[in-house]
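Trainee: Could you look at this predicted model? Sequence included:
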Amino acid sequence: MEKLLEEGYEGMILLCLHAIAGTADGFLSHTMLRFPRLRVNGQPVREIALLSWLRSAYDVPTAMVTTTFLIVS
C-alpha cells in the first residue's frame, strides 16, 4: 500500500479486479475494507473507485482496468 501512495507515477493499471464482497457467483468476491460495503450517495463503492480516488490525490490517472464480467454487468 505504501507504493500506492507515492508520487511520480505516470499512470496506474489495475489488473484482474474482482466483484465486490457479497456478489453472487463472484470470483474471489471480497473487499480490502474491514466492513463489507462502503456507499457514497447510496451507491456501493468498489475497489476500482477506491484505488483510483487514492491515486488521483497525487494526480496519477487510472490508465487501464481489467476485471471479471460481474463488475461491468
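Mentor: Good, I have the coordinates. Residues are numbered from 1 along each chain as shown.

Trainee: what pLDDT does Leu54 get?
Mentor: Looking at Leu54, its pLDDT reads 82.

Trainee: Helices of this protein, start to end?
Mentor: Counting by DSSP state H, the chain has helices at residues 47-56, 69-72.

Trainee: Ok, which of those comes nearest Ala63?
Mentor: helix 47-56 (10.2 Å; Cβ to Cβ). Heads up, the C-betas are built off the backbone N, CA and C, glycines and all.

Trainee: and that closest one, what does it pack onto?
Mentor: Helices and strands touching helix 47-56, by 3 or more Cβ pairs under 8 Å, 6 or more residues apart in numbering; DSSP states H and E, are strand 12-17, strand 62-67.

Trainee: buried set for it?
Mentor: Going by neighbour count (16 or more other Cβ atoms under 10 Å), the buried part of helix 47-56 is Glu47, Ile48, Leu51, Ser52, Arg55.

Trainee: still on that earlier bit, can you tell me which of the helices and strands packed on helix 47-56 the model trusts least?
Mentor: Across the helices and strands packed on helix 47-56, strand 12-17 gives the lowest mean pLDDT, at a mean of 81.

Trainee: Also compute the angle for that strand relative to strand 62-67, please.
Mentor: For strand 12-17 against strand 62-67, the angle by axes from the mean of the first three to the mean of the last three Cα atoms, to 10 degrees is 0 degrees.

Trainee: List the neighbours of strand 12-17 that are in contact with it.
Mentor: Outside of strand 12-17, the residues within contact range by Cβ atoms under 8 Å, 6 or more residues apart in numbering are 46-48, 51-52, 55, 60-68, 71.

Trainee: Most widely separated two among those residues?
Mentor: Between any two of the contacts of strand 12-17, the greatest separation by Cβ to Cβ is 24.0 Å, found for Val60 and Thr68.
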